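In: predicted model follows, preceded by the sequence.
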Amino acid sequence: MAQGPTVIQIFALCAISLTAVTLAGAGSIVSQSFPVPRLSVNLDSPPEERWSPAMHHWNLDQMRALFMKTLGQVVPVEALPLVEKIGDVLDDLLPEPYAGEIRGIANTIGIGVGQMAVINMLYEFTAACTSIVAQDANGTIWHGRNLDYNFTDAMRNISAIIDFKSQGKTVYTTTSFVGQVGVFTGMKPYKFTISLNERDKGKAIENIVEMLQALLLGQVKFTTFVLRDALANDNSFDEVVQRFTSEQEVAPAYLIVAGVDPGEGVVITKARVTTVNVWRLDLSGNRWFLLETNYDHWVPPPKDDDRRDPGNKAMNSVGQKNIDNNTMWNVLSTQPVLNDQTIYTTLMSAAKPEIYSTRLRTLPGL
């Protein structure tokens, strides 16, 4: 762990550059939506090998160039020689199977282990989102989400639905950026669905340094890994809620969970190591849906990023009797809920796993 300060220095430098990239975020837009590939990962294979078949769906030379371009935008030139040092301490930073999977992905693509680890860590810092959980008049729970992200065009090119399988059967399903071993969006069939939204707190450089310090001390986990741990190990809505309210994660976040029984919907607001708020569906109070963007639901959203109010208006216009995956799509297509940084929309219901779908999005008319 003696190399820890060097790693912290890397991320401090990265944060400065990341802030600049964020301000320039959105790329060119094509007015269409289309499905992502559906691939599989065999959990019975060794961690270093299990992602290789999915990675070969793409041209590996193009993928390597994409990742290196992203790193070039984020990591200052003077920090590049230090990035590989992260690979040397990867097993100290990350638990298995995640360290092994990142190592295997890096070897498959042909980039450094430290570089692949940094790519995975960047996912923790920069995603914005809208997630909605709703209960219809029959008690069915629906879950939809838009994932908004910097490097929009690049991330569209590597988005996929991943079925994680064991003994030939799907254990859980996620929508992921290929190369990302953690989870932003996922479903365990007939058990629960989950999504992760960034919580907009603090300055990027301060957050990244504090996160890495806590990680090096073994105090927290990457939030995307906590979500995948839930998909792998939990078997009910209540188990997931217990995990999410008790685990100490690396970043402030909103964890959105939907189950299969009436009333099973919740938004959990997390600080870095504590649970701040648990907000549940409450049909007795006419709270039949929860809509979360990137700001605490009990305070007004900022005027320059108010996706909440248009989203709430659209949900109320649909009404509880008419909500399903199709009308949820319409809500998530409402501007600015759909915006020029929206990469994909996922629709899911744990009670109806066959409807799980993800489509890449672009803002119509631009």
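Out: Structure's in. What do you need?
In: drop to CA atoms for contacts and neighbour counts, all remaining ones
Out: OK.
In: what about stretch 70-80, how long is it end to end?
Out: With CA to CA, to the nearest Å as the measure, stretch 70-80 spans 12 Å from end to end.
In: please apply the same query to stretch 259-269.
Out: With CA to CA applied, stretch 259-269 spans 18 Å between its terminal residues.
In: ok, now stretch 67-83?
Out: 14 Å.
In: buried set for that stretch?
Out: Neighbour counts over stretch 67-83 (16 or more other CA atoms under 10 Å) mark 67-68, 70-71, 73-76, 79-80, 82-83 as buried.
In: and which of those residues is nearest to residue 46?
Out: Ranked by distance to residue 46 (CA to CA), these are led by residue 67 at 23.9 Å.
In: ok so, going back, looking at the buried residues of stretch 67-83, which one is closest to residue 106?
Out: residue 67 (10.5 Å).
In: show me the contacts for the closest one.
Out: Listed by CA atoms under 8 Å, 6 or more residues apart in numbering, the contact partners of residue 67 are residue 119.
In: can we see that at 10 Å?
Out: Contacts for residue 67 (CA atoms under 10 Å, 6 or more residues apart in numbering) come out as 73, 109, 111, 115-116, 119, 154-155, 179.
In: that one: what secondary structure?
Out: For residue 67, the assignment made with DSSP: H, G, I helix; E, B strand; the rest coil gives helix.
In: that older thread, okay, and which of the contacts of residue 67 map to helices?
Out: In helices, judged by DSSP state H, the following of the contacts of residue 67 are found: 73, 109, 115-116, 119, 154-155.
In: ok so, going back, out of the contacts of residue 67, grab the one that's most surrounded.
Out: For the contacts of residue 67, the largest number of neighbours (other CA atoms under 10 Å) sits with residue 116, at 27 neighbours.
In: so the residue nearest to residue 321 when sequence neighbours are not counted: helix, strand or coil?
Out: Of all residues not flanking residue 321 in the chain, residue 137 sits nearest, at 5.1 Å (CA to CA, 6 or more residues apart in numbering). With three-state DSSP as the basis, residue 137 sits in coil.
In: what's the pLDDT at residue 137?
Out: In this prediction, residue 137 carries a pLDDT score of 97.
In: ranges for the helices of this protein?
Out: Assigned by DSSP H, the chain shows helices spanning 4-23, 52-55, 60-74, 80-88, 90-93, 98-109, 113-126, 152-156, 204-216, 223-233, 237-246, 308-318, 325-332.
In: for residue 340, find the nearest of these.
Out: Here helix 152-156 is closest among the helices of the chain (CA to CA), at 8.3 Å.
In: now the closest one, how far from the centre of its chain.
Out: Mean-position distance between helix 152-156 and its chain equals 14 Å (CA atoms, centre = their mean, to the nearest Å).
In: same question for stretch 355-363.
Out: For stretch 355-363, the separation from the chain centroid amounts to 15 Å (computed by CA atoms, centre = their mean).
In: over to stretch 329-339?
Out: Distance of stretch 329-339 from the chain centroid (CA atoms, centre = their mean) equals 18 Å.
In: before we move on, what about stretch 89-107?
Out: That offset, for stretch 89-107, works out to 19 Å (CA atoms, centre = their mean).
In: so for that stretch, mean pLDDT?
Out: The average pLDDT for stretch 89-107 rounds to 91.
In: distance between the ends of that stretch?
Out: End-to-end distance of stretch 89-107: 17 Å, with CA to CA as the criterion.
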